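Participant: got a predicted model here, sequence first, then my questions.
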Amino acid sequence: MPDVIHGAHRSPLETGRTLFDYADDLSVAVPTSCRRTGRCRECVVEVVKGYRNLGGRTAPEAFLRDRFRLACQAVIERGETDVEFRVQRRRLRILGAPAGAPLELAPMVTERDGQVLYGEETIGPSRGRLLGLAVDVGTTTVVIEMVDLRTGASLAVSAFENPQRFGGSDVVSRIAYDAEQPGELRRAIRRVIDRELQRLYADLGVNRLDVYEAVVVGNATMRDLFFGLDVSTIGHLPFRSITELEWRAGLRASTAVVRLAHQLGVLINPRGRIYGAPLIASHVGADTSADLVAVDIEAQQGVTLLIDIGTNTEVVVTDGRRYLATSSPAGPAFEGGAIRHGMPGADGAIESVALQDGRLTYTTIGNALPEGICGTGLIDSLAVLRRAGWMNALGVFADRAKEIAIAPEQGITLTRNDVSLLAQAKGATSMAQRVLLRTLGVHPQDISQVFLAGAFANALDVPNAIAIGLVPPVPEERVRGVGNASVRGAKALLLSRHKRDALERLVPRIEHVELEAEPDFFDLYVDGLHLQPISA
């Protein structure tokens, strides 16, 4: 008899019921604020199996496409096969940057004579607390950190999936979707952030009027979608945001953006500010500029390489004099996107894979029953299969098999198509590194240190990443995982006006390298598809 499935849980299928009904049966939390009428548009789910069993889309679902539905509207009309769905707002493991030197305390928000000031402008009478938010709006993941502006202490950190995935898994798709359905992506991201803020305020006993500023970072598309800016210019040559175009035309002093909270409908003090950190160029956005703040890039010695692995992978290299940056469209594969059993770093994700006594073994986040494979598990899988001779450098399995079981008891496999997608993501990432290094005139052996940023950077097995060519071949001790460095950078910008000034001086010095302009672009990419160490 067919079942309705979510993760490792299932319930017998009955026609006439909605996916929201089954979410209740399976104890799956689905966001909603309209009592299941479809008006709030929050209960978006992805139907990964058995889509044909569902009835047609209703009017409230007109903004959705592909296999995305509103759980409250998706009625099961046929019981021919299993139906499997995923909720788009899972809570994710938080991998913050390792503790570093204390951050400078010189915030824009201060208190004087019983009044709260933003710079020299009075916001209102002091209420006793001065709080702020560091927000990283990633293509796949959103992270919020609440900070005490007096002490710099972190009060809470939350990470969850970006609900905009119904508009596509990459920025190009979302730019196209925003042109077709203006405002939907903006509303989706603001709704989820406001809902999470309400939860944090309730848990911490915080009044939103005590929160006076938020620093928002993200790639150019994600940042500008959040601020409600036109992102169409990022989708075609020369791939520049409207703020970058205006800055280059001399119409603004910086690519940074500042808005009053009430203008954006963000649930902090209405007279508080939302500061969007400056973009660097093209798709290299505010998340990368925040990374540079987090690792204190201007204080580093020797050749420093920063790699922020994500749906868009950003790479920065410097020798202390020149700063080069580029963005590579790696796609969502290393974040679980488009991979048959891929998933973000949430409970139940296979996070490490090894070979013991001739068989594959694994560990999961939270020691939970495996539901899929996240980025670190995927990288381990590639390296382990190569090392064991079960897969060649082209990603072809031994005996021409179509898939290899990773967790056979749960039916979790790695397919040949999965490996192809991962190789493409790896190839784009390694190509970007090679182009920047040679543009600077250095080789991998010249690198003094590599900073690895991104959702899974701290948990990444460095030898495995080097073995498949995701990270350059340098001594392991030179590679440092800095986790979600963009959040730490956003926090540093929240706590120090001096850091903002320094960043806005640094950004114009950074040279943006267009990968597609390289004459051997395609050759480098094809070479990067091989699952082997990066060559000089």
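Facilitator: Cool, the structure landed. Numbers count the residues shown, from 1 in each chain.

Participant: which parts of stretch 184-198 are buried?
Facilitator: 184-197 (16 or more other Cβ atoms under 10 Å). C-beta coordinates here come from the backbone N, C-alpha and C atoms, glycine included.

Participant: swap in stretch 295-303?
Facilitator: So stretch 295-303, judged by 16+ other Cβ under 10 Å, has buried residues 295, 297, 300, 303.

Participant: measure the second one to residue 229 for me?
Facilitator: Right, the one you point to is residue 297. Separation of residue 297 from residue 229 (Cβ to Cβ, to the nearest Å): 27 Å.

Participant: kindly report the same for residue 291.
Facilitator: Taking Cβ to Cβ, one finds residue 291 at 22 Å from residue 229.

Participant: where do the helices of this protein begin and end?
Facilitator: Along the chain, counting by DSSP state H, helices occupy 19-25, 171-180, 184-204, 220-227, 242-248, 261-264, 286-294, 375-387, 416-440, 462-467, 485-495, 497-506, 521-528.

Participant: coming back round to it: in strands, which of the buried residues of stretch 295-303 appear?
Facilitator: residue 303 (DSSP state E).

Participant: pull up the gap between the closest residue to residue 454 other than its chain neighbours and residue 259, please.
Facilitator: The shortest distance from residue 454 to any non-neighbouring residue, by Cβ to Cβ, 6 or more residues apart in numbering, is to residue 309 (4.1 Å). Using Cβ to Cβ, residue 309 is found at 30 Å from residue 259.

Participant: looking at the two, which has the bigger crowd around it?
Facilitator: Neighbour count, other Cβ atoms under 10 Å: between residue 309 and residue 259, residue 309 has more, with 27 against 16.

Participant: got a pLDDT number for the more buried one?
Facilitator: Confidence at residue 309, expressed as pLDDT, is 89.

Participant: for residue 407, give me its contacts.
Facilitator: Going by Cβ atoms under 8 Å, 6 or more residues apart in numbering, residue 407 touches 350, 362, 370.

Participant: any idea what it is bridged to?
Facilitator: residue 412 (DSSP bridges).

Participant: how close does it sit to residue 348?
Facilitator: 11 Å.

Participant: tell me, what's touching these two both at once?
Facilitator: residue 370.

Participant: give me the neighbour count for residue 177.
Facilitator: 18.

Participant: tell me how far the closest residue to it other than its chain neighbours lies from residue 176.
Facilitator: Distances taken as Cβ to Cβ, 6+ apart place residue 167 nearest to residue 177, at 3.7 Å, with adjacent residues excluded. To residue 176, residue 167 is 8 Å away according to Cβ to Cβ.

Participant: would JSON lines of the contacts of residue 407 with neighbour count be doable?
Facilitator: As requested, the contacts of residue 407 are exported to JSON lines (neighbours: other Cβ atoms under 10 Å):
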{"residue": "350", "neighbour count": "26"}
{"residue": "362", "neighbour count": "17"}
{"residue": "370", "neighbour count": "24"}
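
Participant: where are the low-confidence patches of the stretch 1-150 of the chain?
Facilitator: 89-101 (pLDDT under 70).

Participant: which stretches in it count as strands?
Facilitator: 3-6, 9-12, 44-49, 68-70, 83-87, 109-112, 115-118, 121-125, 131-137, 141-148 (DSSP state E, counting those that start in this stretch).

Participant: what's in contact with the fifth one?
Facilitator: Outside strand 83-87, the residues within contact range by Cβ under 8 Å, 6+ apart are 2-7, 13, 19, 22-23, 28-30, 45-51, 53-54, 69, 71, 74, 76.

Participant: angle of that strand against strand 44-49?
Facilitator: For strand 83-87 against strand 44-49, the angle by axes from the mean of the first three to the mean of the last three Cα atoms, to 10 degrees is 150 degrees.

Participant: contact partners for the closest residue in space to residue 521 that isn't next to it in sequence?
Facilitator: Sequence neighbours aside, residue 515 is the residue nearest to residue 521 in space, at 5.9 Å (criterion: Cβ to Cβ, 6+ apart). Contacts for residue 515 (Cβ under 8 Å, 6+ apart) come out as 326, 328, 431-432, 435, 521.

Participant: can you check residue 425 too?
Facilitator: Contacts of residue 425 (Cβ under 8 Å, 6+ apart): 313, 330-331, 333-334.

Participant: any idea how far it is from residue 249?
Facilitator: For residue 425, the distance to residue 249 - Cβ to Cβ - is 35 Å.

Participant: with residue 150 instead?
Facilitator: 40 Å.

Participant: these two - which one has more neighbours?
Facilitator: residue 150 (14 against 8).

Participant: count the neighbours of the residue lying closest to that one once chain neighbours are set aside for me.
Facilitator: Closest residue to residue 150 apart from its sequence neighbours, by Cβ to Cβ, 6+ apart: residue 130 at 5.4 Å. By other Cβ under 10 Å, 20 other residues sit near residue 130.

Participant: who are the contact partners of residue 130?
Facilitator: 107, 109-111, 116, 148-150, 210, 212.

Participant: from residue 108, how far out is it?
Facilitator: Residue 130 is 11 Å from residue 108, by Cβ to Cβ.

Participant: same check on residue 165?
Facilitator: 33 Å.

Participant: returning to what we had before: turn the contacts of residue 515 into TSV, columns for pLDDT and distance to residue 160.
Facilitator: Converted to TSV, the contacts of residue 515 look like this (pLDDT from 0 to 100; distance: Cβ to Cβ, whole Å):
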residue	pLDDT	distance to residue 160
326	97	29
328	91	25
431	95	31
432	96	28
435	97	34
521	92	36
